[in-house]
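1. I'll drop the sequence and a predicted model, then ask my questions.
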Amino acid sequence: MLTERQLLILKVTVDDYIQSAQPVGSNQLSRRPDIPFSPATIRNEMADLEGMGFLEKTHTSSGRIPSEKGYRYYVDHLLTPRPLPQQDILQLRSIFEEKLTETEEIIKRSAMILSELTNYTSILLGPDVRRHIVRKLSIVPLTLDTAVAIIVTDSGHVENRIFPIPPGLDPSDIEKMTNILNERLVGVSLNNLHLRLEQETLTILQQHVERYGELFHTFRQAVLLPHTDENIYYGGKLNILRQPDFHDLQKIRNLMDVMEEVKHIPMILPVGSQGLHIRIGSENVLTAMEDCSVITVSYDIGEEQTGSIAIIGPKRMDYKRIVSILDLLSGDLSKELNRLFNGT
């Protein structure tokens, strides 16, 4: 168990190193008004903390820096979130001032503001679009042989799919088909749309729409288009290059590659993980992130879905500030997306 003096010296050592990125020495700490100990006493306590694995020495300085164990203890026992200045709060809440109507736009803007505020890289995992519920369908002819199917979902998401239509098709047939699609498919999830399309509408289309076969076939093909991973949003991908902790070009390249590949996202942003979590260095699953800390927090998307936010930075991350920023954003983002889903 650490003594009160060791706890204080560990805390200020971590705080100083986070701010300066320079090893911390006993003489430096002894000049602080909140450290009432002599340099010799501090030096002895730092040596004990090093012996217990909380601090470590660098090769180039007699000062010490926190070890991963030191950061973990700091985060678990000594971290007090710092109240955000009004300027930061205003910048965060500027995300919602424009009253954006699409979930994706709100999340994309959140990723950008987060990276600007923190100077770290942000990744936001949005809702699974395939679970969105169809609110309205439209078919708009573009030329004599093409049209666009517009699908609006309950989250304000809009899917546009261009598809061919039979030449010389009577516009009234398109109107009839649109009405039938809305009568039968509103309330269906995008994931099930292609199945319900055939079950719910084919027989009715056959009765009311001439040349229904050609029109139905091309429309169904358009709806079947595979989805890409559209629910991952990045902010400040290159911010990691600005951190003095990252100077090994090969490690930076590996880190960038990992963040770019969609298959790695579940290891950075575990799906279904609730609340705020901090992973430090080797606690990260991916080897390329062993020099990073990752702070994640969940947020609500309507009543049934959740999303995730991750901030990726050096182990020397400003935990006090980032935790406060993520706490505020996750709450505000949940409120805004619930408002959007409820149509208020």
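-> Received, thanks.
2. ok, and for stretch 48-64, which residues are buried?
-> Asp48, Leu49, Phe54, Leu55, Gly63, Arg64 (16 or more other Cβ atoms under 10 Å). To be clear about C-beta, it is placed using only N, CA and C from the backbone, and glycine gets the same treatment.
3. mind listing what the residue lying closest to Arg109 once chain neighbours are set aside touches?
-> Excluding the flanking residues, the one nearest Arg109 by Cβ to Cβ, 6 or more residues apart in numbering is Ile95, at 5.1 Å. By Cβ atoms under 8 Å, 6 or more residues apart in numbering, the contact list for Ile95 reads Ile106, Arg109, Ser110, Ile113, Leu329, Asp332, Leu333, Glu336.
4. I'd say the third one and Leu328 touch.
-> No: shown here, Ser110 and Leu328 do not form a contact pair, counting by Cβ atoms under 8 Å, at 11.4 Å.
5. So these two - more neighbours on which side?
-> Ser110 (26 against 16; other Cβ atoms under 10 Å).
6. Distance check, the more buried one against Ile265.
-> Counting by Cβ to Cβ, to the nearest Å, the gap from Ser110 to Ile265 is 17 Å.
7. Also Pro33?
-> Distance, Pro33 to Ile265, using Cβ to Cβ: 46 Å.
8. now Pro167, what's its secondary structure?
-> coil (DSSP: H, G, I helix; E, B strand; the rest coil).
9. Could you do Arg135 as well?
-> What three-state DSSP gives for Arg135 is strand.
10. and the buried residues of stretch 48-64, which of them are in helices?
-> Among the buried residues of stretch 48-64, DSSP state H puts Asp48, Leu49 in helices.
11. Contact partners for the residue nearest to Thr103 when sequence neighbours are not counted?
-> Leaving aside its sequence neighbours, Thr103 sits nearest to Ser155 (Cβ to Cβ, 6+ apart; 4.3 Å). Counting by Cβ under 8 Å, 6+ apart, Ser155 touches Glu102, Thr103, Pro127, His132, Ile301, Gly302, Leu337, Leu340, Phe341.
12. which residues touch the third one?
-> Spelled out, that is Pro127. Thr103, Ser155, Asn231, Ile301, Gly302, Gln305, Gly307.
13. Also the first one?
-> Each residue near Glu102 by Cβ under 8 Å, 6+ apart is listed here: Ser155, Gly156, His157, Val158.
14. Please name whichever of the residues you listed scores lowest on pLDDT.
-> In terms of pLDDT, the lowest of the contacts of Glu102 is Ser155, showing 72.
15. check which helix or strand covers that residue.
-> Under DSSP states H and E, no helix or strand contains Ser155.
16. where's it relative to Leu337, distance?
-> 8 Å.
17. Give the residues shared as contacts by these two.
-> Joint contacts of Ser155 and Leu337 (Cβ under 8 Å, 6+ apart) are Thr103, Ile301, Gly302.
18. From what I see, the first one and Arg131 are in contact.
-> No: the pair Thr103 / Arg131 is not scored as a contact, 11.6 Å apart, by Cβ under 8 Å.
19. So those two - more neighbours on which side?
-> Per other Cβ under 10 Å, whichever of Thr103 and Arg131 has more neighbours is Thr103, with 26 against 17.
20. so what's the residue positioned nearest the centre of the chain up against?
-> Per Cα atoms, centre = their mean, the C-alpha nearest to the average position across the chain is that of Leu124, at 1.4 Å. If a contact means Cβ under 8 Å, 6+ apart, then Leu124 has Ile107, Lys108, Ser110, Ala111, Leu114, Ile232, Tyr233, Gly235, Gly307, Ser308, Ile309, Ala310 as its contacts.
21. As a markdown table, those with pLDDT would be great.
-> Putting these into a markdown table (pLDDT from 0 to 100) gives the following:
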| residue | pLDDT |
| --- | --- |
| Ile107 | 90 |
| Lys108 | 90 |
| Ser110 | 94 |
| Ala111 | 94 |
| Leu114 | 95 |
| Ile232 | 88 |
| Tyr233 | 91 |
| Gly235 | 94 |
| Gly307 | 86 |
| Ser308 | 90 |
| Ile309 | 93 |
| Ala310 | 94 |
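22. Give the residue spans of the chain that score low on pLDDT.
-> Under the criterion pLDDT under 70, the flagged ranges of the chain are 60-61, 225-230, 271-272, 343-344.
23. Where do the strands of it begin and end?
-> Under the criterion DSSP state E, the chain contains strands at 55-57, 64-66, 121-125, 134-141, 146-153, 158-164, 232-235, 276-280, 292-301, 305-314.
24. any chance of the ones you listed in TSV, with distance to Ile89 too?
-> Compiled in TSV, these are given as follows (distance: least, Cβ to Cβ, whole Å):
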stretch	distance to Ile89
strand 55-57	34
strand 64-66	29
strand 121-125	17
strand 134-141	33
strand 146-153	31
strand 158-164	31
strand 232-235	18
strand 276-280	18
strand 292-301	17
strand 305-314	17
